[in-house]
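Peer 1: Give me coordinates for this.
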Amino acid sequence: MKTLTLTASLIASACAATPLLAEDLNTGLQQIAIADPQGQRPLDGFLFYPTKDTDTTPSLGNPVWASLPIVADAATLPQRHPLVLMSHGMFGNARNQAWLAAQLTQQGYMVAAINHPGTTTFNRDPDQRRMLWERPKDISRALTHLLRDPATMELIDPDRIYMAGHSLGGFTAVALAGGRYDAAGLDAFCAASTDDLVCGIFQGWQVAQTNADRAMMEQDLSDNRIKAFAVFDLGGTQTFDAQSLGAIDTPLLVYGAPIANSGIDLDVESRDLITKTPPALTTYLEPADLAHFDFLGQCTAKGLAILREEEPQDAFVCENGTEPRAAHHAQIAQTVSAFFAGH
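Peer 2: Next comes the predicted model:
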């Protein structure tokens, strides 16, 4: 298994592969809307892309979350770009990793982030939530849409397609990499681990509780168009069949966050995942001061105080969420870009 000591060489390879310097590029933004022929699961989100337009406007922020300099509907660069697909965490949304999208676009990447129906801030429908097999399919549908849309198809390099997922988005990423859901194995694990966070969530959501749902969850949801994955402090390692994890043939960059403010147990999540995936394809990073919610956006100077007053149960998401989080973001973006550029 590759470790943090390889970061410098990864960064060097990224610099060699980056088509333009970061100061040459800004972040363009357009909305994505993907229809569902059955009308059951339309998707929406954002497409971030590099532009030389300079008319930036503070966007995607509010009193709690810091804005980003964005050029709405900017002109695109007439060349093919690597594409990164992003999957948010439980009840998160397509804005959660906009900070990473912005930093990647400044290095020449396009980034697509979508909202997953049922598990997003804006749609918590219990039936959609139960159908977790749809999450990986959302990403595959978004990729197919972008590769077929005349507005984007000529802008994407099909040999440089990647994915990043945070928390439940990390579960989504592992499924797309080839991890197969193991309902019986999870049942056995949960019977012996009654306080496990993921067990409680999946049972509460009624995931794979019928034979039909189990069959859907256990299907092969991998997408071989995606060449490498970044997995950010995932939840759900114990849902996957160990043999399928060992058979993954796509490079994985796995981050574990040891600051315990989310309920995720690293010993049964990221640390266990990397014992089951191929060592030659797995790079694991666990920065000592990284927290689960450091993968969300940077908080404003007043963000923590606002949450403590208005939403005290959620205030922890902005703990150390200003300059310390910005420093984490810079390191993560650099490492992710380097990892993808190396594959």
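
Peer 1: quick one, phi/psi of the residue lying closest to His292 once chain neighbours are set aside?
Peer 2: Of all residues not flanking His292 in the chain, Ser262 sits nearest, at 3.6 Å (Cβ to Cβ, 6 or more residues apart in numbering). All C-beta atoms are positioned from the backbone trio N, CA, C, and that covers glycine. Dihedral pair for Ser262: phi -120, psi -10, per degrees, to the nearest 10.

Peer 1: distance of Ser262 from Leu85?
Peer 2: Applying Cβ to Cβ, to the nearest Å, the value for Ser262 to Leu85 is 23 Å.

Peer 1: Show me which of these two is the more surrounded one.
Peer 2: Leu85 (28 against 18; other Cβ atoms under 10 Å).

Peer 1: quick one: pLDDT of that one?
Peer 2: At Leu85, the predicted lDDT confidence score is 99.

Peer 1: just Ala17 next, same as before
Peer 2: pLDDT at Ala17 comes out at 44.

Peer 1: Pro37 now?
Peer 2: Per the predicted model, pLDDT is 86 at Pro37.

Peer 1: ok, now Ile259?
Peer 2: Note on Ile259: pLDDT of 93.

Peer 1: Relative to Gly165, how far out is it?
Peer 2: 19 Å.

Peer 1: between these two, who's got more neighbours?
Peer 2: Just comparing Ile259 and Gly165: by other Cβ under 10 Å the higher neighbour count belongs to Gly165, 30 against 16.

Peer 1: going on from the helix or strand that the more buried one is a member of, what's the next piece of helix or strand?
Peer 2: Per DSSP states H and E: Gly165 is located in strand 156-166. Using DSSP H and E, the helix or strand that directly follows strand 156-166 along the chain is helix 168-177.

Peer 1: what helices or strands is that next one leaning on?
Peer 2: strand 81-87, helix 134-148, strand 156-166, strand 228-232 (3 or more Cβ pairs under 8 Å, 6 or more residues apart in numbering; DSSP states H and E).

Peer 1: which secondary element of this structure has the worst mean pLDDT?
Peer 2: helix 7-17 (a mean of 42; mean pLDDT, DSSP states H and E).
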